[in-house]
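[1] here you go, sequence then predicted model.
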Amino acid sequence: MKWRWFVNKQQTIGGILLLLCLAAGPVSAQEFGEDKGLVWSKLKGLEYRLKAGLNIGGTAPLPLPVEIRKIEGYNPLLSVSIEGNVVKRIAPKWAILTGVRLENKGMSTKARVKNYHIEIDNRNNDGSTSHVTGVFTGRVKTKVRNSYVSIPLMVAYKPAPRWEIKMGPYLSFLTNGTFNGNAFDGYIRENDPTGEKIEVTSAVYDFSGELKRVNWGINLGGEWRAYRHLNVYTDLAWGLNPVFKKGFESIAFNLYPIYANIGFGYVF
Amino acid sequence: MECDMYKWISSSVVCLLLCSCIRPEAPNAEADITACTLQNEYIKSDPVITNNKVVFMALPRIDRTTLAPQFEISPGATIDPPGGTVRDFSQPQTYRVRSEDGRWEKTYTLTVDTFDLPLRYQFEHYEIVDNKYHAFYESIPVPGGESSRQDIWASANPGFTMTGMGSGPEQFPTVCIPNGQSGRGVLLQTRSTGTFGSLVAKPIAAGNFFIGSFDASKVMSNHLEATRFGLPFGKKPLTIKGYYKYTAGPVFTNGQSEEIPGRRDEGQIYAVFYETDETVKYLDGTNIGVKPGGAWHPNILGRAELTPLEETEEWRYFEIPFVYVRAVDPEKLKAYKYNFTLVCSSSKGGDLFEGAVGSRLCIDEVEVVCE
């Protein structure tokens, strides 16, 4: 099974269920001509869509802080999404769209940094903690792989019969989050750039536990109806709140998930 | 209409790219002396440069009143007074280095040390560095009433600061204690390095203490190279005498933090006398030890080690003779071609991060008997 990259178990099962439910529609429609439910829906101005796509983007600071000197590598990983939409037409050219999206947002990057501020809470064996701050100059590898259940709410406008543009907020719930990496090939200076200099060949970090459970942002997108039942779409999901919990200072700047979602949709 | 949407999407993509551009590099924020040279035939070896000190060891015949050291500093930084300025180093002189961005400044003390190493160590003098940890030094009386300071003792304390575990000087691995065998003394304690240490697979820090210097920059990368053992010595040592106390910590762990039941931690006190040359300017943690099979580094002439180092809660007197495998050349001795070091550690396997957190070794009133 190639499903291993796709999120956790609940999501996979959820995704399959969603697929099955929606797939049941066209099957019965073929058997009995026009499905009664769909006819009813169309009369009410409702439309259903099932989409599958890829997320490509980054969990990144904006603008890039001066501490980041060079991006030496980027990999969008394989981040997929499955989405079910309900579209309610409210005027000839206007509609409201909502649904459920199961998605991964991931990336891995390699960057060269200079005087990159870090703070780490150091836990002693006896349970006491102490705070380490410093500045790191060297290379940082970061891997992000977050799974979300997202709920978009968008207003859609049809400028032309085959075209649709949409915009609106979304709310994402983190179901499984990984944020880790390592710092290597550089040095740390304690507290500030005049502090004791300590070479670092490799230090691993894992901030997965510091990720926020809820994220929100703005979706902007467009869909083009290629065939009667097939849409091609792209959506930009711009996260407007940082991915880490408040008070988390190991990384000095806020990171926002900014991903483009590209894929196909089946329209019932 | 289609055209409009293309515009709209492409402009948002361009906006994203623009925002994400790499910003121009900020001016350098560091204010380091990275190298220092002093053209003088009586300088014995390369200087020891730490984060705020530069120390040259010189033959006692040197005239220190008109010396002009040259510096290499962080890119873009400035130094005051500039390199090449003639100054009187009868007393240590300070230099201020200011970073290129002007926000950071560091003061270095440059010392030209002309004294032979003292032969008696009472561990009465220490300073608290950066309000954090203790550092021992020797204070040598000078005719005329003043005393001269010699920074000959080193420990891993500067590396331990990075763990954040030292919430006070007493929490560091190397500490000055008020109740030595006589007056103050040295306490070495094996400490946990917490999560920070485990991030870099260095779970414990043994208390260590030695004659030489400590290059803190190496603690996380090549920690064995951080301990530079030995300083020039103009006599042939025969015996090390002194007092110690030792108690091992309860749980012995290996370098992977795994408990090794039944294994007891051991402390370590030893001294080494070795020759320096063009390739071997000092011995460090990689080559000072006795190799498996009993071989020594070829530059080592003699060694003295306290074995066994028995556990004792009361001060115990020790006397350890030097064992020589090579004859000492009196000419080289006169030219300070030999280095001497005394090394103490609260966990013998501390260099491999093996030991028991809580092991404590105390040392006081050490004397080197020479020929």
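    Looks like it arrived, so ask away.
[2] which stretches of the stretch 151-300 of chain B form helices?
    Listed in chain order, the helices of the stretch 151-300 of chain B (DSSP state H, counting those that start in this stretch) span B:157-160, B:194-199.
[3] and the pLDDT at the residue positioned nearest the centre of chain A?
    Taking C-alpha atoms, centre = their mean, the centroid of chain A lies closest to A:Lys105, which sits 3.4 Å from it. A:Lys105 carries a pLDDT value of 93.
[4] after the helix or strand bottoming out on mean pLDDT in chain A, which helix or strand is next?
    When each helix and strand of chain A is scored by mean pLDDT, DSSP states H and E, helix A:9-31 comes last, with a mean of 48. Using DSSP states H and E, the helix or strand that follows helix A:9-31 in sequence is helix A:36-43.
[5] state the mean pLDDT of that next one.
    For helix A:36-43, mean pLDDT is 75.
[6] stretch B:336-343 now?
    93.
[7] and B:Ile177, how far is that from B:Ile300?
    The gap separating B:Ile177 from B:Ile300 is 31 Å, by C-beta to C-beta, to the nearest Å. Just so you know, the C-beta spots here come from the backbone N, C-alpha and C atoms, and that holds for glycine as well.
[8] who are the contact partners of residue 236?
    All of this is about chain A. When contacts are counted by C-beta atoms under 8 Å, 6 or more residues apart in numbering or on different chains, A:Leu236 touches A:219-221, A:258-261, B:12.
[9] wrong chain, I was asking about chain B
    B:273, B:328, B:333, B:370-371.
[10] B:Arg184 now?
    Going by C-beta under 8 Å, 6+ apart, B:Arg184 touches B:122-124, B:126, B:176-178, B:364.
[11] how near is B:Gln181 to B:Lys245?
    Computed with C-beta to C-beta, the distance linking B:Gln181 and B:Lys245 is 9 Å.
[12] residues shared between the contacts of those two?
    Contacts common to B:Gln181 and B:Lys245, judged by C-beta under 8 Å, 6+ apart, are B:Trp315.
[13] show me the shaky parts of chain B.
    Scanning chain B for pLDDT under 70 picks out B:1-20, B:115, B:145.
[14] nearest to the spatial middle of it, which residue is it?
    Note: chain B centre (C-alpha atoms, centre = their mean) maps to B:Phe214, 1.8 Å.
[15] neighbours of B:Asp364, how many?
    Look at B:Asp364: counted by other C-beta atoms under 10 Å in any protein chain shown, it has 23 neighbours.
[16] just the buried residues of the host helix or strand of it, please?
    Per DSSP H and E, B:Asp364 falls inside strand B:360-370. Buried residues in strand B:360-370, counted by 16 or more other C-beta atoms under 10 Å in any protein chain shown: B:360-366, B:368.
[17] what's that strand packed up against?
    Applying 3 or more C-beta pairs under 8 Å, 6 or more residues apart in numbering or on different chains; DSSP states H and E, we find strand B:360-370 packed against strand B:120-121, strand B:185-189, strand B:237-247, strand B:268-275, strand B:338-345.
[18] go again with 10 Å.
    Helices and strands touching strand B:360-370, by 3 or more C-beta pairs under 10 Å, 6 or more residues apart in numbering or on different chains; DSSP states H and E, are strand B:120-121, strand B:174-177, strand B:185-189, strand B:208-214, strand B:237-247, strand B:268-275, strand B:312-321, strand B:338-345.
[19] relative to that strand, what are the paired strands and their orientations?
    Counting by DSSP bridges, the strands paired with strand B:360-370 are strand B:120-121 (antiparallel), strand B:185-189 (antiparallel), strand B:237-247 (antiparallel).
[20] which one of those strands lies closest to A:Asp235?
    Counting by C-beta to C-beta, A:Asp235 lies closest to strand B:185-189 out of these; the figure is 58.8 Å.
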